[in-house]
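Colleague: Below: sequence and its predicted model.
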Amino acid sequence: MSPSSDAKALSEWVDAVSQELGLEGAVDSATTVDMVLDLTSDVAHGVSRPGAPVTAFLIGLAAGRAADPAVAARDYAQKISRLADGWDSERGASKQA
């Protein structure tokens, strides 16, 4: 099965951006794309659509400060996805208190 044209375009785009930013080989592009898409989906559906790209940017900034940015990005994405998944229930609980 061949990849869709969207998947191919995204892969080419990620490779080009990685090269432009000097990140070739720094991250596994397929894993990174899946992680970012999952994260932004969680934020877009659990918090707000505009929050998704902003959250991805903030995680990138935080991860860039870490000793191992790729590991930090993965860990931060998991942490923030959990936060986004419970956002409505947490916000509802604080409103009722």
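Modeller: Nice, thanks for sending it over.
Colleague: Now do the helices in the protein.
Modeller: Secondary structure of the chain (DSSP state H): helices at 5-20, 29-46, 51-64, 69-85, 87-96.
Colleague: Identify all contacting residues around the third one.
Modeller: It stands for helix 51-64. Contacts with helix 51-64, where a contact means CB atoms under 8 Å, 6 or more residues apart in numbering, come from 36, 39-41, 43-44, 47, 69-70, 72-73, 76-77, 80, 84. To be clear about C-beta, it is placed using only N, CA and C from the backbone, and glycine gets the same treatment.
Colleague: give me that answer again for 7 Å
Modeller: Outside helix 51-64, the residues that touch it by CB atoms under 7 Å, 6 or more residues apart in numbering are Val36, Leu39, Thr40, Val43, Ala44, Pro69, Ala72, Ala73, Tyr76, Ala77, Ile80.
Colleague: Just among those residues, which is most surrounded?
Modeller: For the contacts of helix 51-64, neighbours were counted using other CB atoms under 10 Å, and Val43 has the most, 24 neighbours in all.
Colleague: My guess is that residue contacts Asp85. True?
Modeller: No. Look at Val43 against Asp85 with CB atoms under 7 Å: they stay out of range, at 9.6 Å.
Colleague: if we can go back for a sec, just send the helices of the chain back as a markdown table, with mean pLDDT too.
Modeller: Formatted as a markdown table, these follow (pLDDT from 0 to 100):
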| stretch | mean pLDDT |
| --- | --- |
| helix 5-20 | 90 |
| helix 29-46 | 92 |
| helix 51-64 | 96 |
| helix 69-85 | 95 |
| helix 87-96 | 62 |
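Colleague: residue contacts, the spatially most central residue of the chain?
Modeller: For the chain, Val36 is the residue whose C-alpha lies nearest the centre (CA atoms, centre = their mean; 2.7 Å). Taking CB under 7 Å, 6+ apart, we find Val36 in contact with Ala56.
Colleague: Perfect, that will be all.
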